[in-house]
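*Asks:* Okay, here's the prediction I keep looking at, along with the sequence it came from:
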Amino acid sequence: MTEIPESIQFLHKAEIGLGAWAWGDKIVWNYGSGYSDADIEQGFRISLENGVTFIDTAEIYGNGRSERLLGQFLENTEIPVIVATKFFPLPWRWSKNSVGKALKTSLERLDLPRVDLYQIHWPSPLIPIETYAEGLAEVYKAGLTRAVGVSNYNKNQMQRAITVLSKYEIPLGSNQVEYHLLNRNAEKSGLLARCQELGIRLIAYSPLAMGLLTGKYTPENPPSGVRGGRYANILKEIQPLLKLMTELGQDLGGKSPAQIALNWLICKGALPIPGAKNTRQAEMNAGAAGWRLSPEQVSALDQASESFTK
Ligand SMILES: NC(=O)c1ccc[n+]([C@@H]2O[C@H](COP(=O)([O-])OP(=O)(O)OC[C@H]3O[C@@H](n4cnc5c(N)ncnc54)[C@H](OP(=O)(O)O)[C@@H]3O)[C@@H](O)[C@H]2O)c1
């Protein structure tokens with residue numbers, strides 16, 4: 001593995017983070033129904049108190065509300081927080097300068113002079129990878145972010161971003177992709193291995209498969225809304241995997257299926273960033289760090305998840 005540059009070592013020190021997509025999002029997460037700003041803030045505080053200080057948001061989450069809430073919460077804590085946010089490749093953002101403009105607006109919402117990690121949310125089907133990578137280089141050089149990253153980039157797209165950044169001797173800090181026991185594409189495509197070779201932190205999003213891997217949803221009690229549509233058909237098939245996760249958790253002295261799912265990702269060398277809507281979820285997710293499944297337990301989970309994985 002390449003030596004990790006000092007400027008991005010902080011990304012490798014974080015074991016688990018907290019995702020802030022649900023903070024203000026009504027379309028997928030039904031924000032305002034079943035959880036409030038107060039619940040989110042308590043979840044945020046409990047996370048910090050339990051050592052989870054890496055927070056992932058994006059300009060599009062809740063149309064800016066997620067960043068605004070994070071900015072407010074940051075005012076009420078003395079604990080240093082690692083703030084990661086993202087640039088969305090809207091079709092009219094065709095120049096490298098759009099990256100800096102968007103980041104400045106995010107910084108206003110967050111009420112911060114700079115963020116710790118600025119990521120391109122998705123590769124654009126219209127704008128070359130190189131254009132936004134040049135934009136990342138500009139914001140890095142301007143001191144608006146401590147590190148730069150990408151998200152949903154495959155190996156080839158990631159390499160194109162690296163090629164641009166390396167002209168300026170800027171390391172690519174991270175690549176954030178969907179990765180969990182029901183989607184192991186990051187492993188199977190060789191992306192995880194490539195990130196590890198290059199010292200790039202692979203950040204695992206939707207690490208609980210949007211709540212499915214907590215075991216609380218069943219074929220009789222599927223999640224509502226968008227998630228129901230996406231996942232309802234596999235709830236029956238994943239019951240043997242969930243049973244194994246429950247048993248492993250019992251063997252480990254009472255870990256929950258959610259903690260097993262998150263620790264499996266930590267064992268793979270990824271940084272999981274589960275979302276949490278309240279104190280209970282945040283506390284449970286924080287408890288997924290600081291210990292390790294055995295190699296035998298990891299391979300049992302690999303085997304049990306093999307048939308669902310892409
Ligand atoms: N880069 C990208 O394109 C991208 C895409 C998606 C997500 N992300 C990032 O990844 C983060 C996490 O992903 P995600 O929010 O999609 O899914 P997730 O972390 O897999 O699932 C989060 C949801 O699961 C439920 N949950 C969480 N912890 C729980 C626990 N301990 N016990 C019971 N239920 C629990 C909650 O919903 P319910 O209580 O309603 O079930 C929560 O909102 C996001 O917040 C975002 O920062 C990035």
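*Replies:* Now that the structure is in, tell me what you want to look at.

*Asks:* The strand or helix carrying residue 108 packs against which elements?
*Replies:* Here residue 108, judged by DSSP states H and E, is contained in helix 97-110. Packed against helix 97-110 by the contact rule (3 or more CB pairs under 8 Å, 6 or more residues apart in numbering; DSSP states H and E) you find helix 65-75, strand 82-87, strand 115-120, helix 129-141. C-beta coordinates here come from the backbone N, C-alpha and C atoms, glycine included.

*Asks:* so that helix versus helix 65-75, what angle?
*Replies:* 50 degrees (axes from the mean of the first three to the mean of the last three CA atoms, to 10 degrees).

*Asks:* hmm, back to that, now the helices and strands packed on helix 97-110 in TSV, with mean pLDDT and mean neighbour count?
*Replies:* Shown next, in TSV, are these (pLDDT from 0 to 100; neighbours: other CB atoms under 10 Å):
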stretch	mean pLDDT	mean neighbour count
helix 65-75	98	20
strand 82-87	98	26
strand 115-120	98	25
helix 129-141	98	21
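
*Asks:* what is the mean pLDDT for the helix holding residue 108?
*Replies:* Average pLDDT, helix 97-110: 98.

*Asks:* Give me the contact list for that helix.
*Replies:* Outside helix 97-110, the residues within contact range by CB atoms under 8 Å, 6 or more residues apart in numbering are 59, 64, 67-68, 70-71, 74, 83, 85, 87-88, 93, 113-115, 118, 120, 132, 135-136, 138-139, 142, 144-145.

*Asks:* Select, out of the helices and strands packed on helix 97-110, the one closest to residue 276.
*Replies:* helix 65-75 (13.1 Å; CB to CB).

*Asks:* ok, the closest one near the ligand or not?
*Replies:* No. Figure legend: helix 65-75 not in contact with the ligand (CB under 6 Å from any ligand atom); closest approach 8.4 Å.

*Asks:* Would you mind listing the residues in contact with the residue of the chain found nearest the ligand?
*Replies:* Residue nearest to the ligand within the chain: residue 19 (2.3 Å; CB to the nearest ligand atom). For residue 19, the contacting residues are 56, 205, 273, 274, 275, 276, by CB under 8 Å, 6+ apart.

*Asks:* what's the most distant pair in these?
*Replies:* The farthest-apart pair in the contacts of residue 19, when distances are taken by CB to CB, is 205 and 276, at 13.8 Å.

*Asks:* Which one of the two is surrounded by more residues?
*Replies:* Neighbour tally, residue 205 and residue 276, criterion other CB atoms under 10 Å: the higher count belongs to residue 276, 27 against 22.

*Asks:* do you know how far that one is from residue 211?
*Replies:* As judged by CB to CB, to the nearest Å, residue 276 and residue 211 stand 11 Å apart.

*Asks:* Likewise for residue 96?
*Replies:* Residue 96 is 37 Å from residue 211, by CB to CB.

*Asks:* and residue 259, that one's in a strand?
*Replies:* No. Using DSSP: H, G, I helix; E, B strand; the rest coil, the secondary structure at residue 259 is helix, not a strand.

*Asks:* pretty sure it is touching residue 287, no?
*Replies:* Yes. Between residue 259 and residue 287 there is a contact under CB atoms under 8 Å: 5.7 Å.
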